[in-house]
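Enquirer: Structure for the following, please:
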Amino acid sequence: MKLNVLAPMMLLAYTSFALGGANANASGSHDHHAGGHESEAGSPAPAQQADKTILVDMHDTMKYVFFDDVEIRVGEVVRFVVTNKGTLQHEFSIGNAEEQKKHAEMMRENPNMVHEDGNTLSLQPGETGEITWRFAGDPDVIFACNIPGHFEAGMYHRVSLQTGAGHLHDHHDVAADADFVAFSGLEREAARVVTAFRSALEAGDKEAALKYLNEDLTIFEDGGVERSATQYSMGHMEADIAFFSQVETTLIEHHVEQLGDMAVSLSRTRVTGSYDGEAVDSEGMETVVLQRKEGEWEITHIHWSNF
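Expert: Residues are numbered from 1 along each chain as shown. Take a look at the predicted model:
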């Protein structure tokens, strides 16, 4: 039965890459990334120009949860896919300290104001929206929720932009195609499961990683195969955790497509650092197939190559 499941998903995966990835469609009606708002911290940019995508969850604990390191260079274009996981309305606003102060004052005077600028998302519970932002100008940036009382309760995150030497994501020859989209579908819940699984491996948290795996999954890696989550946990998983916890991984490309209760994640990753005393600098490919069962997404197949 597993082969019957994988065959159509692999066809979907091939079609997705052949088309260069679909444009992401965020749920919710508060997507301001196309606006023309200028800020001391930068300006909106087309999603197609994004150097990387960062997923963000907003919680009623008055905290932002970022699913990637928030390391941003001056001039870098970042696509933020933001989901309100709470039961209250929350904001995700980009600006410097002075702009956030003015925004907070406006919100205190008019808590129900409708944002027409391009640097702020205002999301109801369960909604997802996105902003694509080109960072320029003030290197000290604040992400904030200025709904009265939220900032004061700790709902903000400060970032100092990096300057000088460094690297943006290397898109190789595909970057020359203006219509190419390197990241799509990352607002989907299946994408969050893939991201959480990777994060658990990198953190060395075996128990957390196993929660995202269906017991009957298959894993293709290095010419070998493992045919259950139990076999993986008793076999190659320890080596994977050791590897991913020692190296730095950078997403170059990531697409997630969903068809009913099935989803496929396709990604290219650059791996750098050292492992077992040897330098590592390579690119890897990953295909992940997921199935939704009783409302929860589970990983049913992984294929890693060239890591």
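Enquirer: Verify the contact between Met113 and Glu105 for me.
Expert: No: counting by C-beta atoms under 8 Å, Glu105 is not a contact partner of Met113; they are 11.4 Å apart. Where you see a C-beta, it was placed from the backbone N, CA and C, and this is true even at glycine.
Enquirer: isn't Gly235 right up against Arg227?
Expert: No: contact between Gly235 and Arg227 fails when scored by C-beta under 8 Å: they sit 10.3 Å apart.
Enquirer: could you point out the longest strand in this protein?
Expert: Criterion DSSP state E: the longest strand present in the chain is strand 278-293.
Enquirer: buried sites along that one?
Expert: Using 16 or more other C-beta atoms under 10 Å as the test for burial, strand 278-293 gives Glu283, Glu286, Thr287, Val288, Val289, Leu290, Gln291, Arg292.
Enquirer: what's the spacing between the third one and Ser265?
Expert: From Thr287 over to Ser265 the distance is 7 Å, taken as C-beta to C-beta, to the nearest Å.
Enquirer: Over to the fifth one?
Expert: Per C-beta to C-beta, Val289 is found 8 Å from Ser265.
Enquirer: now the first one
Expert: Per C-beta to C-beta, Glu283 is found 17 Å from Ser265.
Enquirer: Just after the longest strand of the chain, pick out the following helix or strand.
Expert: Later in the chain than strand 278-293, the nearest helix or strand by DSSP states H and E is strand 296-305.
Enquirer: other SSEs contacting that next one?
Expert: Helices and strands touching strand 296-305, by 3 or more C-beta pairs under 8 Å, 6 or more residues apart in numbering; DSSP states H and E, are helix 2-18, helix 189-203, strand 213-221, strand 278-293.
Enquirer: Describe which strands that strand pairs with in its sheet and in which direction.
Expert: Paired with strand 296-305 in the same sheet, following DSSP bridges, are strand 213-221 (parallel), strand 278-293 (antiparallel).
Enquirer: Which of the ones you listed has the lowest mean pLDDT?
Expert: Lowest mean pLDDT within these: strand 278-293, at a mean of 89.
Enquirer: pLDDT weak spots in the stretch 201-307 of the chain?
Expert: Counting by pLDDT under 70, the stretch 201-307 of the chain shows low-confidence ranges at 307.
Enquirer: Checking Glu152 next. Helix, strand or coil?
Expert: What DSSP: H, G, I helix; E, B strand; the rest coil gives for Glu152 is coil.
Enquirer: what pLDDT does it get?
Expert: 85.
Enquirer: Next: Gly28.
Expert: 37.
Enquirer: Let me know how buried the residue lying closest to Gly154 once chain neighbours are set aside is, in neighbour terms.
Expert: Once flanking residues are discounted, Gly154 sits nearest to Met62: 5.0 Å by C-beta to C-beta, 6 or more residues apart in numbering. Met62 has 19 neighbours, counted by other C-beta atoms under 10 Å.
Enquirer: same question, Val159
Expert: Val159 has 17 nearby residues by other C-beta under 10 Å.
Enquirer: Can I take it that it is in a strand?
Expert: Yes: according to three-state DSSP, Val159 belongs to a strand.
Enquirer: Contacts only, for the residue lying closest to Asn84 once chain neighbours are set aside.
Expert: Counting by C-beta to C-beta, 6+ apart, Asn84 lies nearest to Leu123, which is 4.0 Å off, once chain neighbours are set aside. Residues near Leu123 by C-beta atoms under 8 Å, 6 or more residues apart in numbering: Gly28, His30, Met58, Val82, Thr83, Asn84, Gln89, His90, Glu91, Phe92, Gly129.
Enquirer: how much space between Leu123 and Glu130?
Expert: 10 Å.
Enquirer: Which neighbours do these two have in common?
Expert: Taking C-beta under 8 Å, 6+ apart as the contact rule, Leu123 and Glu130 both touch Val82.
Enquirer: Tell me who's in contact with Pro148.
Expert: Ala104, Met107, Arg108, Pro111.
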